[in-house]
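A.B. asks: Sequence unavailable; structure follows:
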């Protein structure tokens, strides 16, 4: 099979998955009540739409991670939080619910901004396409993971249970693993990555 066609076929599952969740959010939008709730839904839909489009439009990788474990980490980090509905939702609470929606709006808006800055370099698996060092990436090496963590905290506030806390913490640990694997691939491909890493924070400037 032609390498370009094979690469295109490999992109389809993620785009279809993002499109499916986008369709679900669209269906739930009509029932959303309150400006903040509607904004959260729209921000989530924008994020999912960008994933679907960027996955199809991205460049072909110039280097990939070795072995199956980094790929397992990527898929686990992407999908783990979708298991949260196995836990019961917490009782409605105006303060917690407002904080949750605010974090979801902020996290998904930041996700959308980051995806736009990544452009065709977006990837789920640990792969190198082009080294992006502008915008949010000028100070943070993994702004997309930071944005996803903010949104994940918002989702957790809707559940507020020990089981949900364990799942969210485990997902964040897997995300840290993904960051490490991505940095290995980027450093191996781009000689300038070591200097870039030295002048930036992994997630939070001045903290980590």
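C.D. replies: All right, it came through fine. Everything quoted here is computed from the prediction, not taken from an experiment. Numbers count the residues shown, from 1 in each chain.
A.B. asks: so which strand or helix has the residue nearest in space to the middle of the chain?
C.D. replies: Here the mean C-alpha position of the chain is nearest to the C-alpha of residue 148 (C-alpha atoms, centre = their mean), at a distance of 4.9 Å. Following DSSP states H and E, one finds residue 148 within helix 143-159.
A.B. asks: residues making contact with that helix?
C.D. replies: Outside helix 143-159, the residues that touch it by C-beta atoms under 8 Å, 6 or more residues apart in numbering are 81, 84, 87-90, 96-97, 99-104, 106-108, 110-111, 113-115, 117-118, 136-137, 140, 164-165, 168, 171-172, 175, 178-179, 203-204. All C-beta atoms are positioned from the backbone trio N, CA, C, and that covers glycine.
A.B. asks: which helices and strands sit right next to the helix or strand following it?
C.D. replies: Per DSSP H and E, helix 143-159 leads on to helix 162-189 as the next helix or strand towards the C-terminus. In terms of contacts (3 or more C-beta pairs under 8 Å, 6 or more residues apart in numbering; DSSP states H and E), helix 162-189 is packed against strand 63-64, helix 69-79, strand 127-128, helix 143-159, helix 193-198.
A.B. asks: Could you pull out the buried residues of the last one?
C.D. replies: Applying a neighbour-count criterion of 16 or more other C-beta atoms under 10 Å, one finds 193, 196 buried in helix 193-198.
A.B. asks: what packs against that helix?
C.D. replies: Counting contacts by 3+ C-beta pairs under 8 Å, 6+ apart, the secondary-structure elements packed against helix 193-198 are helix 162-189.
A.B. asks: Report the buried residues of the helix it packs on.
C.D. replies: Across helix 162-189, burial judged by 16+ other C-beta under 10 Å covers 164, 167-168, 171-172, 174-179, 181-186, 189.
A.B. asks: How about stretch 15-23?
C.D. replies: Going through stretch 15-23 with 16+ other C-beta under 10 Å, the ones that come out buried are 15, 17-19, 21-22.
A.B. asks: so where's this protein shaky on pLDDT?
C.D. replies: The model of the chain has pLDDT under 70 over residues 1-11, 35-37.
A.B. asks: what do you get if the cut-off is 80, keeping everything else the same?
C.D. replies: For the chain, residues meeting the criterion pLDDT under 80 lie at 1-15, 17-18, 21-22, 25, 27-44, 47, 56-57.
A.B. asks: Make sure residue 200 is actually in contact with residue 134.
C.D. replies: No - here residue 200 does not reach residue 134: they are 11.8 Å apart, not a contact under C-beta atoms under 8 Å.
A.B. asks: Which residues are in contact with residue 118?
C.D. replies: Residue 118 neighbours (C-beta under 8 Å, 6+ apart): 54, 132, 144.
A.B. asks: circling back: any idea how far the residue nearest to the centre of the chain is from residue 156?
C.D. replies: 12 Å (C-beta to C-beta, to the nearest Å).
A.B. asks: before we move on, back to that, can you add distance to residue 45 and give the helices and strands packed on helix 162-189 back as a markdown table?
C.D. replies: Shown next, in a markdown table, are the helices and strands packed on helix 162-189 (distance: least, C-beta to C-beta, whole Å):
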| stretch | distance to residue 45 |
| --- | --- |
| strand 63-64 | 30 |
| helix 69-79 | 18 |
| strand 127-128 | 26 |
| helix 143-159 | 13 |
| helix 193-198 | 32 |
